[in-house]
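Undergrad: here you go, sequence then predicted model.
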Amino acid sequence: MTSFPKLLVSASVAAALATGMTAALASTYTDAESWSPAVATSSDAGMKFASADRYTDAETSTPAIATQSDIIDTAVSAGQFSTLAKALTEAGLIDTLKGPGPFTVFAPTDAAFAKIPAAQLQALLADKSMLTKVLTYHVVPGEVMAKDVKSGSVKTVEGQNLMLDVSSAGVKVNDANVIKTDIMASNGVIHVIDSVVLPN
């Protein structure tokens with residue numbers, strides 16, 4: 001089998017997702033730009049009340065309900081995961097990652113996949129068994145937010161462990177760097193990585 005450059009975390013198999021993740025998580029990151037989760041803020045300014053319990057503005061009387069897409073639709077709409085989406089389709093994992101989850105996906109960007117020589121990438125995409133193994137190595141059962149991660153190993157859906165390294169320089173997953181965190185979806189969370197790594 002052709003050896004591929006080290007790659008990072010992806011999709012999952014529905015049966016394996018039934019088992020919960022037992023990884024220890026609980027730490028804060030010193031690199032606020034690359035790993036600290038963003039905190040959403042909101043304001044009640046502009047809301048007018050006729051009394052303590054009634055809005056005078058009918059349009060604001062009903063709170064807006066934010067809807068979230070699932071992991072697949074969220075990744076596709078981000079515009080930088082087309083190769084990942086193609087790989088998930090080839091492996092038959094789209095429906096799994098559209099399932100209830102929750103999942104934590106370490107998602108390699110198109111630029112991450114582009115680091116793999118074209119011939120090797122095409123061979124990987126053509127080998128469904130190996131592709132499934134690689135993609136499920138990018139998925140961890142459960143919803144793991146950036147603030148909850150600490151250095152150590154975490155078991156993936158594929159079955160092998162990923163090594164997480166949290167330092168002042170940022171966060172690494174195996175040999176890949178985490179470049180964006182906490183992209184929320186209706187069935188989990190996506191953390192973006194700059195390389196793809198293969199399981200052993």
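TA: Perfect, I can see it now.

Undergrad: buried residues in the helix or strand that contains Val134?
TA: Mapping Val134 onto the secondary structure by DSSP states H and E places it in helix 128-136. By neighbour count, with 16 or more other Cβ atoms under 10 Å as the criterion, the buried positions of helix 128-136 are Met130, Leu131, Thr132, Lys133, Val134, Leu135, Thr136. Backbone N, C-alpha and C define where each C-beta goes, glycine included.

Undergrad: pull the CA atoms of that helix into PDB?
TA: Extracted C-alpha coordinates of helix 128-136, given in PDB (Å, rounded to 0.1, in the frame of the first residue of the first chain):
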ATOM      1  CA  LYS A 128     -12.600   3.200   0.300                       C
ATOM      2  CA  SER A 129     -11.400   1.000   3.100                       C
ATOM      3  CA  MET A 130      -8.300   3.100   3.700                       C
ATOM      4  CA  LEU A 131     -10.200   6.300   3.200                       C
ATOM      5  CA  THR A 132     -12.800   5.400   5.800                       C
ATOM      6  CA  LYS A 133     -10.000   4.500   8.200                       C
ATOM      7  CA  VAL A 134      -8.300   7.900   7.700                       C
ATOM      8  CA  LEU A 135     -11.500   9.900   7.900                       C
ATOM      9  CA  THR A 136     -12.800   8.300  11.000                       C
END
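
Undergrad: list the contacts of the strand or helix carrying Thr89.
TA: Element membership for Thr89 (DSSP H and E) is helix 82-91. Here helix 82-91 makes contact (Cβ atoms under 8 Å, 6 or more residues apart in numbering) with 10-11, 72, 75-76, 94, 97, 107-110, 113-114, 121, 124-126, 128, 131-132, 134-135.

Undergrad: parallel or antiparallel, list what pairs with the helix or strand that the helix holding Val134 is followed by.
TA: Per DSSP H and E, helix 128-136 leads on to strand 139-141 as the next helix or strand towards the C-terminus. Strand 139-141 pairs in its sheet with strand 103-108 (antiparallel), by DSSP bridges.

Undergrad: mean confidence for the helix or strand that the strand it pairs with is followed by?
TA: Beyond strand 103-108 on the C-terminal side, the first helix or strand identified by DSSP H and E is helix 110-113. Averaged across helix 110-113, pLDDT comes to 97.

Undergrad: name the helices or strands packed onto the helix or strand following helix 110-113?
TA: Scanning forward in sequence from helix 110-113, with DSSP H and E defining helices and strands, the next element found is helix 118-126. In terms of contacts (3 or more Cβ pairs under 8 Å, 6 or more residues apart in numbering; DSSP states H and E), helix 118-126 is packed against helix 82-91, helix 128-136.

Undergrad: next, the buried residues of the longest one.
TA: The reference is to helix 82-91. Judged by neighbour count using 16+ other Cβ under 10 Å, the buried positions of helix 82-91 are Thr83, Leu84, Ala85, Ala87, Leu88, Glu90, Ala91.

Undergrad: check stretch 169-185 too.
TA: For stretch 169-185, burial by neighbour count (16+ other Cβ under 10 Å) applies to 170-185.

Undergrad: likewise for stretch 114-133?
TA: Under the neighbour-count rule (16+ other Cβ under 10 Å), stretch 114-133 has Lys115, Ile116, Leu121, Ala123, Leu124, Leu125, Asp127, Met130, Leu131, Thr132, Lys133 buried.
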